[in-house]
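> Show me the folded form of this:
(one chain, ligands or ions: 2)
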Amino acid sequence: MLHLKSLWTTWKPYIVTALLVIGMTAAMHPIRLALDVVNIALLFLFPVLLSAVSWGLRPALYAATLGALAFDFFFVSPLLSFTVADLRYLISFGVYLAVAALTASLAAKLKRQLLYSRQREAHSAALYEISRQMSDMTDIHSLLANVSAQASRIIGTDIAIYLSDHRNRLVLTHRSSVQSDWGQGETEKATAKLAFDHGEAVGYGTSALRDSPGYYHPLRTEDRVHGVLALNLKERKREFTAEQQRMLEALCDLAASAIDRVRLAEEAKIAHLTAESERLRAAILDSVSHELRTPLAAIIGSATSLIDGDHLFTSEDRMVLLTTIRDGALRMNRLVVNLLSMVQLESGMLRLRKHWCDVEDLIGVAIAQVKDFRQYRKLSVQLPENVPMVLGDEVLLEQVLVNVISNAIKYSPDGSDICIAVSDKENNLIIEVADQGVGLEHDEYTRIFEKFYRAQTTRQVTGTGLGLAICKGIVELHSGQITGKRNDPRGTVISITLPLNPQTKANVEDDEDE
Ligand code: ATP
Ligand code: MG
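Residues are numbered from 1 along each chain as shown. Ligands and ions are numbered 1, 2, ... in the order given. Take a look at the predicted model:
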């Protein structure tokens, strides 16, 4: 059945042409006397043109020969014979055949060009579609899968793609089919390496290794070869056409620039991350060393003065120097406590010792701890009539309050008000610490809870940027939340929300019963 079909496809142009010539002869024969012989010859050009446009040069030449024979046999005297009485007709035959051959070749050429331009149009549309798909891809593996699917569609064979790694070694990165081992052999790798090193196509149909059973095309942009696309032509006896090769080259160019784009984006990301961790490292060193050295210098200075010039100082002077030493030591102690808490929080080793805590007491203890450096801030506390008890680790919750209240003191001017307000809402306890200090930009209120983040506007005040990160860790261990916002008309409000029926998510060590 298939055989018959292909036979019909091969012979159809010749059969249809013959039928056309027979039909025309039959139609013109009865009226031949009314038609001039030259007109008949012209009419026989019609099947020639038709065959040329429909099927190309060969059927057209066949139509011309058939037409010339039919014209001679049926219309040139002596009729029903191939002999020609008047030799002038031989010139007519010659002209007819020449015109037929010329028009046939022109029409056939036109048809070829039409076909070719249609093909190009289809290929350009396909390439445009491919490039559009590729431009959306940000992951190298889906990009390679797409390229190999498109290449398989063009040539219909197994594809292997090799890409260079960070040491510029070629690595087999993608195979179109897992069943076939194409691309894994040493010969294939060596040939791909050759194409990669020279940046030129190698293998079947090229000048280098033309007997190779594969075709290796480099994936290169203007300044870099990213890898090689290898086609398996082992099982393909059919050569691939010039048009397929052109498509493949265009696909490889598109793939190379897409790979270039994805790699550049990845490199930019890594550079950004490196810069970011470098910045973080510098910030840690900077703030830790500063926070250690400033109080240390004050302690050393005051202690030296006391030792060397003990007899020069009045008892008040001595008290001032001793207070400086104590404040410096307290500041260093706070830093050490903060660093240790941070390490414990990050390693998940911090265990809560939960008790029912009186919030009023918590606030009282925290205020007592900051009293030495609160100077001239006016601190007020607003409590509801019935202050609810909260289940939590009192030492850690006090640490949270100390950090937040000392921030309110540090980042607000002398003589300003600081208000600590407690309320309960929807089964939550809310503690708000509001100051009238410098305040921050809106978007900084989320960043201040990051480790080592310090706002630009507060750089003149010392600090490590750890306090609020620790507060966030501790509050979240209590299943609560800590947020910041601008105070009206100026300053900052930090809100701590703790659930009154907490479902603590950390390793809780409930020593309530102990
Ligand atoms: P430390 O670790 O000693 O507490 P720190 O105060 O700089 O150092 P955090 O308490 O984590 O660190 O605060 C981070 C940053 O948030 C501060 O550097 C400051 O820029 C900003 N900030 C925190 N609280 C306030 C506030 N009440 N008003 C204005 N800015 C604040
Ligand atoms: Mg702080």
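> Which is the succeeding secondary structure element to the longest helix belonging to the chain?
The residue-count maximum for a helix in the chain (DSSP state H) belongs to helix 242-308. Downstream of helix 242-308, the first helix or strand assigned by DSSP states H and E is helix 315-347.
> and the helix or strand that comes right after that next one, what does it pack onto?
Next helix or strand after helix 315-347 toward the C-terminus (DSSP H and E): strand 352-353. Helices and strands touching strand 352-353, by 3 or more C-beta pairs under 8 Å, 6 or more residues apart in numbering; DSSP states H and E, are strand 508-509. For every residue, glycine as well, the C-beta is placed using N, CA and C.
> Show me the domain layout of this protein.
2-129, 137-267, 355-513 (automatic domain parsing).
> So for ligand 1, which of those domains sits nearest?
Checking those against ligand 1 by C-beta to the nearest ligand atom gives domain 355-513 as the closest, at 2.6 Å.
> and that closest one, does that touch ligand 1?
Yes - using C-beta under 6 Å from any ligand atom, we find that domain 355-513 touches ligand 1 at 403, 407-408, 411, 435, 437-438, 440, 448, 453-455, 458, 463-469, 492.
> ok, back up a step: tell me what angle the longest helix of the chain forms with helix 315-347.
150 degrees (axes from the mean of the first three to the mean of the last three C-alpha atoms, to 10 degrees).
> helices or strands up against helix 242-308?
helix 88-135, helix 140-155, strand 214-220, strand 225-232, helix 315-347.
> Reformat these as a markdown table; add mean neighbour count and mean pLDDT.
Formatted as a markdown table, the helices and strands packed on helix 242-308 follow (neighbours: other C-beta atoms under 10 Å; pLDDT from 0 to 100):
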| stretch | mean neighbour count | mean pLDDT |
| --- | --- | --- |
| helix 88-135 | 14 | 83 |
| helix 140-155 | 18 | 85 |
| strand 214-220 | 24 | 92 |
| strand 225-232 | 25 | 92 |
| helix 315-347 | 15 | 86 |
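> Adding distance to ligand 2, write those out as JSON lines.
Output for the helices and strands packed on helix 242-308, formatted as JSON lines (distance: least, C-beta to the ion, whole Å):
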{"stretch": "helix 88-135", "distance to ligand 2": "47"}
{"stretch": "helix 140-155", "distance to ligand 2": "43"}
{"stretch": "strand 214-220", "distance to ligand 2": "53"}
{"stretch": "strand 225-232", "distance to ligand 2": "49"}
{"stretch": "helix 315-347", "distance to ligand 2": "9"}
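> Including distance to residue 161, could these go into JSON lines?
Formatted as JSON lines, the helices and strands packed on helix 242-308 follow (distance: least, C-beta to C-beta, whole Å):
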{"stretch": "helix 88-135", "distance to residue 161": "14"}
{"stretch": "helix 140-155", "distance to residue 161": "5"}
{"stretch": "strand 214-220", "distance to residue 161": "8"}
{"stretch": "strand 225-232", "distance to residue 161": "5"}
{"stretch": "helix 315-347", "distance to residue 161": "42"}
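> what number of residues lie near residue 358?
Neighbour count of residue 358, defined by other C-beta atoms under 10 Å: 14.
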